[in-house]
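A.B. asks: Curious how this folds, go ahead:
(chains A, B, C and D)
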Number of protein chains: 4
Amino acid sequence: MAQYCFALEMAVRDYECDLLGGVNNAVYQNYLEHARHEYLKTIGIDFAALAAQRINLVVTRIEIDYKTSLASGDRFVVEVRLERSSLVRIEFRQDIYRLSDRKVVVKALVTGIALNAKGRPQLPEAMKDILDRV
Amino acid sequence: MAQYCFALEMAVRDYECDLLGGVNNAVYQNYLEHARHEYLKTIGIDFAALAAQRINLVVTRIEIDYKTSLASGDRFVVEVRLERSSLVRIEFRQDIYRLSDRKVVVKALVTGIALNAKGRPQLPEAMKDILDRV
Amino acid sequence: MAQYCFALEMAVRDYECDLLGGVNNAVYQNYLEHARHEYLKTIGIDFAALAAQRINLVVTRIEIDYKTSLASGDRFVVEVRLERSSLVRIEFRQDIYRLSDRKVVVKALVTGIALNAKGRPQLPEAMKDILDRV
Amino acid sequence: MAQYCFALEMAVRDYECDLLGGVNNAVYQNYLEHARHEYLKTIGIDFAALAAQRINLVVTRIEIDYKTSLASGDRFVVEVRLERSSLVRIEFRQDIYRLSDRKVVVKALVTGIALNAKGRPQLPEAMKDILDRV
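C.D. replies: Residues are numbered from 1 along each chain as shown, chains lettered A, B, ... in the order given. Presented below is the predicted three-dimensional model:
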């Protein structure tokens, strides 16, 4: 079984909870994005720095299975695994676990691409090298 | 070809745009949720009123394909179609189109269930009747 | 009594409500920002277009009095008035009213400046002319 | 000079940044709320637990001076001080500092009250005792 290569611990903030008392669905995407960007930084890929060079990392597809809802005060971990990468596409498996009981909160599959200044898909050479080594 | 049964026009707000200059990925989920809740209201199902009765409509799975990015000032429409509904599950097809050129922005498939006060999946009778008639 | 010069009608979206069942405090700032930017557009000042030219309109101070809480389904109007403007500073009075009973929801005073590409306060000539005429 | 009684370290997340490349104004209010709730927990006051008992802690006024903008990757600390508390009202001084250079980012004054189940201002006895001891 493939293992995760990065984990980020976080805690629910009250403003992230909605009418139902738990974290709003869209907020999990925020968590996933933040963990993904933090992971990418650890392998030398900086989302904001690339954006400043007009290389935009964008998500083209996301699948999220919501298993358990997080609530106020919950601590959780976002685990990240680089599933696959090709010349144009990167795929991440990202799962969230509640820390108190290690219950699965969310299982997600995120596909991204890099767009160059002309809006064309193009993975920078440096990124390819990095991803090949991961 | 099945048609949409509800459409909600909206406009991008500047605070919804991120570093890359377009609407942040998670925000599209906000748009989808809002349009879904507005659609449900038109057929007599009120998310917040149900929550007050401790019947929670929750999303169990979402698939989103991001096709085009919306930017500041863009107007768009969220189209909704009730794809399928069973005793426990409701499935929505939700697509977003940019109004200026009718380009597809996002294609999404959203699966939801109703949880009763005990956290058990249970579609209220009234909702079943409504959904059968749609 | 000075009057408002712009009004924008909006409706609460469920994801904007928090644990307490009403709209989260920070979200009113989103409403205020959106109405302000829409108002500025009507007098020929486009926040995003200016940002692309590296002229950033930024808020330096905000005062908000929270009078009534908005809840799911509420419709409201954000009224805007240009209170004062000088060579470096623009001040907006922005009040939110619930439409059902015209109750005051929020009263706000927002001070903003324009920063040029060097991060220096500088109101573009064209903006000064526009603001003088308002 | 009165000192802060609580400090919470946080880091900017990319989705919190807007078109201008820095953290959006409204997001600082999220940071302030989160730090305030974390502080209150350390003195035995739990926002979400109180809400479940139908005692709502709500903000009635906020003043924020924006001094420096935070950007992607910045780490910062939210300092909190209980400024004053009466039978009905609690006032917090909350300042945000960037960690890299200890520059002031935001200075805020937040006034809150407790509303009982009937929507009337009423500070629970236990809270009064706690606040008196702080």
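
A.B. asks: List the buried residues in the lowest-mean-pLDDT helix or strand in chain A.
C.D. replies: Confidence across the helices and strands of chain A bottoms out at helix A:125-133, with a mean of 80, counting by mean pLDDT, DSSP states H and E. Within helix A:125-133, the residues that count as buried by 16 or more other CB atoms under 10 Å in any protein chain shown are A:Met127, A:Ile130, A:Leu131. Glycine gets a C-beta too; all of them are placed from N, C-alpha and C.

A.B. asks: want to throw those into JSON lines with distance to B:Val12?
C.D. replies: Below are the buried residues of helix A:125-133 laid out as JSON lines (distance: CB to CB, whole Å):
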{"residue": "A:Met127", "distance to B:Val12": "29"}
{"residue": "A:Ile130", "distance to B:Val12": "33"}
{"residue": "A:Leu131", "distance to B:Val12": "32"}
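
A.B. asks: of these, closest to A:Leu109?
C.D. replies: Checking the buried residues of helix A:125-133 against A:Leu109 by CB to CB gives A:Leu131 as the nearest, at 17.0 Å.

A.B. asks: hey, what's the closest residue to A:Ile113 other than its chain neighbours bridged with?
C.D. replies: Of all residues not flanking A:Ile113 in the chain, A:Pro121 sits nearest, at 4.8 Å (CB to CB, 6 or more residues apart in numbering or on different chains). Counting by DSSP bridges, A:Pro121 forms beta bridges with A:Leu115.

A.B. asks: residues touching A:Pro121, list them.
C.D. replies: Contact analysis of A:Pro121 by CB atoms under 8 Å, 6 or more residues apart in numbering or on different chains lists A:Val88, A:Ile113, A:Ala114, A:Leu115.

A.B. asks: Lowest pLDDT pick from the residues you listed?
C.D. replies: Note: of the contacts of A:Pro121, the lowest pLDDT belongs to A:Val88, at 80.

A.B. asks: Is that one in a helix, a strand, or coil?
C.D. replies: Assigned state for A:Val88: coil (three-state reduction, DSSP: H, G, I helix; E, B strand; the rest coil).

A.B. asks: So it sits against A:Ile113, correct?
C.D. replies: Yes: contact between A:Val88 and A:Ile113 holds when scored by CB atoms under 8 Å: they sit 5.8 Å apart.

A.B. asks: just the angle between the longest helix along chain A and helix B:25-42, please?
C.D. replies: Counting by DSSP state H, the longest helix found in chain A is helix A:25-42. Counting by axes from the mean of the first three to the mean of the last three CA atoms, to 10 degrees, helix A:25-42 lies at 170 degrees to helix B:25-42.

A.B. asks: can you pull the buried residues of helix A:25-42?
C.D. replies: Applying a neighbour-count criterion of 16+ other CB under 10 Å, one finds A:25-40 buried in helix A:25-42.

A.B. asks: what's the answer for stretch A:108-126, then?
C.D. replies: Going by neighbour count (16+ other CB under 10 Å), the buried part of stretch A:108-126 is A:Ala108, A:Leu109, A:Val110, A:Thr111, A:Gly112, A:Ile113, A:Ala114, A:Leu115, A:Gln122, A:Leu123.

A.B. asks: between the least confident helix or strand of chain A and helix A:25-42, how many degrees?
C.D. replies: With the same axes, to 10 degrees applied, the angle from helix A:125-133 to helix A:25-42 works out at 90 degrees.

A.B. asks: hmm, stretch A:29-44 in reach of chain B?
C.D. replies: Yes: using CB under 8 Å from any CB of the partner chain, we find that stretch A:29-44 touches chain B at A:Gln29, A:Asn30, A:Glu33.

A.B. asks: Turn the contacts of A:Pro121 into a markdown table, including distance to B:Asp95.
C.D. replies: As requested, the contacts of A:Pro121 are arranged in a markdown table below (distance: CB to CB, whole Å):
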| residue | distance to B:Asp95 |
| --- | --- |
| A:Val88 | 24 |
| A:Ile113 | 21 |
| A:Ala114 | 26 |
| A:Leu115 | 22 |
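
A.B. asks: and which of the residues you listed is nearest chain C?
C.D. replies: A:Leu115 (17.5 Å; CB to the nearest CB).

A.B. asks: From C:Ala48, how far out is that closest one?
C.D. replies: Distance of A:Leu115 to C:Ala48, computed by CB to CB, to the nearest Å: 19 Å.

A.B. asks: Just the CA trace of the helix or strand hosting A:Gln94, in PDB.
C.D. replies: Assessed by DSSP states H and E, A:Gln94 sits inside strand A:90-98. Only the C-alpha atoms of strand A:90-98 are listed here, as PDB (Å, rounded to 0.1, in the frame of the first residue of the first chain):
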ATOM      1  CA  ILE A  90      -0.200  16.000 -11.500                       C
ATOM      2  CA  GLU A  91      -2.500  13.900  -9.400                       C
ATOM      3  CA  PHE A  92      -2.700  14.100  -5.600                       C
ATOM      4  CA  ARG A  93      -4.400  11.800  -3.200                       C
ATOM      5  CA  GLN A  94      -5.400  13.800  -0.200                       C
ATOM      6  CA  ASP A  95      -7.100  12.300   2.800                       C
ATOM      7  CA  ILE A  96      -8.200  14.000   6.000                       C
ATOM      8  CA  TYR A  97      -8.300  12.200   9.400                       C
ATOM      9  CA  ARG A  98      -9.700  13.400  12.700                       C
END
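
A.B. asks: Enumerate the residues of chain A near chain C.
C.D. replies: The interface of chain A toward chain C, taken as CB under 8 Å from any CB, is made up of A:Asp14, A:Tyr15, A:Cys17, A:Asp18, A:Leu19, A:Gly21, A:Asn24, A:Ala26, A:Ser72.

A.B. asks: ok, the fourth one - contacts?
C.D. replies: Right, the one you point to is A:Asp18. Per CB under 8 Å, 6+ apart, neighbours of A:Asp18: A:Asn24, C:Asp14, C:Tyr15, C:Cys17, C:Asp18, C:Leu19.

A.B. asks: Need phi/psi at it.
C.D. replies: Reported as degrees, to the nearest 10, the phi and psi values for A:Asp18 are phi -110, psi -170.

A.B. asks: List the single closest residue to the residue lying farthest from the centre of chain A in space, sequence neighbours excluded.
C.D. replies: Distance from the C-alpha centroid of chain A, by CA atoms, centre = their mean, peaks at A:Leu19 (25.4 Å). Among residues not flanking A:Leu19 along the chain, C:Cys17 sits closest, at 4.8 Å (CB to CB, 6+ apart).

A.B. asks: Sounds good, over and out.
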